[in-house]
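can't give you the sequence, but here's the structure:
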């Protein structure tokens, strides 16, 4: 029996805007940041649970304040109770009626709950001595559906539907786990494609990406059509016909503008078009999807919750689902989204990069492969070679593939030295 | 020429949970609260701009922190510049790329921007010596569309569409203003219908509502079907056949559950069904609307932004649009929503109650009547007789109608004594 004795939060900011890494059509100067939480207990095991929300700078203090507002919910609570029924723990936080008013289930307060939920999962995995993906992949279908809140999902996915999906994937779990450990999981890279890079840097990085074994790269687009055509032509010439090129407009367009713009880029064989317009706009994404088919629409990194994912899937408004480790309310909600995507037969290709997103979200893709969709077909995890050195268990990406960690935990733990060096102090 | 010299924020909480006022199926024990902001300048006029975000208790400190995060954007800025082009001011805050990541355009950060925008409108109206509704109603169609950001709206409403709507309503503005001042604006009351009230209190308050001249009341439903049937029967018996009775489920149901439940209540002649399910769920509300027609679906108080309203309108997922004064990014975004509703021919019946929501939102309905839709047909403003005594210009509701204020400002200003008495101090 142990008790939560401290909720430590930090406002960690990396000054990335000085390098134009991460620059895109909507976000010209991000300072990659993390509103970070560490949950400590009085257990003699000395383990702590780590989580965070990724932000791009200003407002990271607000996000930290939202996490801190959850302290009274956690301090003094029995750890085994919380970790023993993570589905109940999730509902207890997400359905707190007063906090829920601040979303509901979206924005700063929802992401704060996600950070805490993820920190609890980190602790649970460490206590089990397993990487999160293996902890999840070892759970029974019944245990997994107990993690999911089916409220507002049942018109598309019931508990029974989810059980069917998970039971179908039960056979072959061991083989897929072995395959994952033996051959890795597909990755693609966004490193060449930031808008702030000049053509020479784009070509050099695209060439390196192919040499490194990546089968797909991604280019930011949407600021200037002429520039986009020139950069896509250069990229296609550099990587050749067999490497995928996705483009990412970062919400830049109106519906008609998106359709017109994409038609000008279609000649370069697009793997997908990401975030063509506002991420809340199911109706617009459905219209764009119809118009640009067979080119696929990808979105999800800014999708606030499972109810939005459900609608995009119901409306055929996306063909690639991009989960994010810290946008929704943590692992539980992302499992709901993986199940929804499986139900609709849509591949999940996580958003990553930022601060620690690669480290965290890989666990969800591995779990998806081993226990949910059972497939890597058409699936890959985004990779940006950036800031990994600040994490206790940095991703291992080689030969264009992610290699699954065997270290216990969720991947969220930042090195103490990094956290302290880059933490802002308030007041 | 004057400059912003202070952004004062307060965490104001009224202990309403002790009375069960405001209790509904999702919110059993709200403590009506306001994350409050006052903007002060160095102008010799001594005027200040007031705004707030309404919350229901816990987390109000997070909302206050989000407002405070906007201080560096405002301190030292030229007031005339900000107030002189409120459309630009809005875009400057909403499209700050780093802050926008925290939504985008939803939740705590978006509402914080709304509070600041509304405080600037309060100041602008006071400087003009006009109530906000008259200030807005005196602007030209061109000035009004300059306040609106059409990004992400153009598949449903362009600047030209909006100009057409406003120009059509230009004739008759003076007559409608005179009509408003002479005869008031329709109200309905939620006072009888809170779930925490027993049958006797429900009947007594419903009888009083009719005696007070209200043409519609609203009952909270969704916790127990048996209770709802009994309470609706009582209410209908009490008010007779000619008074409207709306019901409000506060997001309680799944799609099929909503349809089934409403069919059991339909015999009592429902004016509308409010928030049957999750407020993000366009697809679900469209399905419910089709199934329960001709009973109408009303929603909007939790709708995060204009892009969500657009989709609900495009999808015929609501038949009554319920704007809220503090949920979206302030007056500018609510004007966009009024224009969208006018474009689709859907009446706007604002959500009010809470803390100061009646005081603020009435201005938008009057503006809608005078300069946008040009009609009160099927339109009414929610009224709850609660906490008005804390405001400098409390609403004037008599004979079942709102009476438009002629005092300068937006209605948001709380009495200093109330703000100080109910403010929590942090740290």
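Received, thanks. A quick note: this is a predicted structure, and the numbers were derived from the prediction, not measured. Numbering: from 1, shown residues only, chains lettered A, B, ... in the order given.

Just give the closest residue to the closest residue to chain B within the stretch 1-150 of chain A, not the sequence neighbours.
With distances taken as CB to the nearest CB, the stretch 1-150 of chain A approaches chain B most closely at residue A:107, which sits 1.5 Å away. Where C-beta positions appear, they are placed from N, C-alpha and C, glycine not excepted. Ranked by CB to CB, 6 or more residues apart in numbering or on different chains and with sequence neighbours excluded, the top spatial neighbour of residue A:107 is residue B:107, at 1.5 Å.

what's near enough to touch the residue of the stretch 1-150 of chain A closest to chain B?
For residue A:107, the set of contacting residues under the criterion of CB atoms under 8 Å, 6 or more residues apart in numbering or on different chains consists of A:304, B:102-103, B:106-110, B:304.

what about it, distance to residue B:79?
Counting by CB to CB, to the nearest Å, the gap from residue A:107 to residue B:79 is 29 Å.

try residue A:71
Distance of residue A:71 to residue B:79, computed by CB to CB: 38 Å.

what does the stretch 1-150 of chain A put close to chain B?
A:26-31, A:55-59, A:61-63, A:65-66, A:69, A:96-112 (CB under 8 Å from any CB of the partner chain).

now, which of the residues you listed lie within helices?
A:61-63, A:65-66, A:97-100, A:107-112 (DSSP state H).

Show me which of these is closest to residue B:342.
Sorting these by how near they are to residue B:342, with CB to CB, puts residue A:107 at the top with 28.1 Å.

Need the per-residue pLDDT for the closest one.
Confidence per residue is given as pLDDT, and for residue A:107 that number is 98.

Helices of the stretch 1-150 of chain A, start to end?
Using DSSP state H, counting those that start in this stretch, the helices of the stretch 1-150 of chain A run over residues A:60-68, A:71-74, A:79-84, A:86-94, A:97-100, A:107-128, A:132-137, A:141-147.

how about those in a markdown table, adding distance to residue A:170?
Rendered in a markdown table, the data for the helices of the stretch 1-150 of chain A read as follows (distance: least, CB to CB, whole Å):
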| stretch | distance to residue A:170 |
| --- | --- |
| helix A:60-68 | 36 |
| helix A:71-74 | 34 |
| helix A:79-84 | 23 |
| helix A:86-94 | 20 |
| helix A:97-100 | 35 |
| helix A:107-128 | 20 |
| helix A:132-137 | 11 |
| helix A:141-147 | 7 |
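
Tell me which of those helices sits nearest to residue A:240.
By CB to CB (comparing all of these), the closest turns out to be helix A:132-137, at 33.1 Å.

What helices and strands are in contact with that closest one?
If you count contacts as 3 or more CB pairs under 8 Å, 6 or more residues apart in numbering or on different chains; DSSP states H and E, helix A:132-137 packs onto helix A:107-128, helix A:173-183, helix A:330-343, helix A:357-367.

Name the residue closest to the centre of chain A, please.
Centroid-nearest residue in chain A: residue A:324, 2.0 Å away (criterion: CA atoms, centre = their mean).

what's that one sitting at in phi/psi?
Note on residue A:324: its backbone torsions stand at phi -130, psi 140 [degrees, to the nearest 10].

What are the structural domain limits within chain A?
According to automatic domain parsing, chain A comprises the domains A:4-129, A:173-418.

Understood, closing this out.
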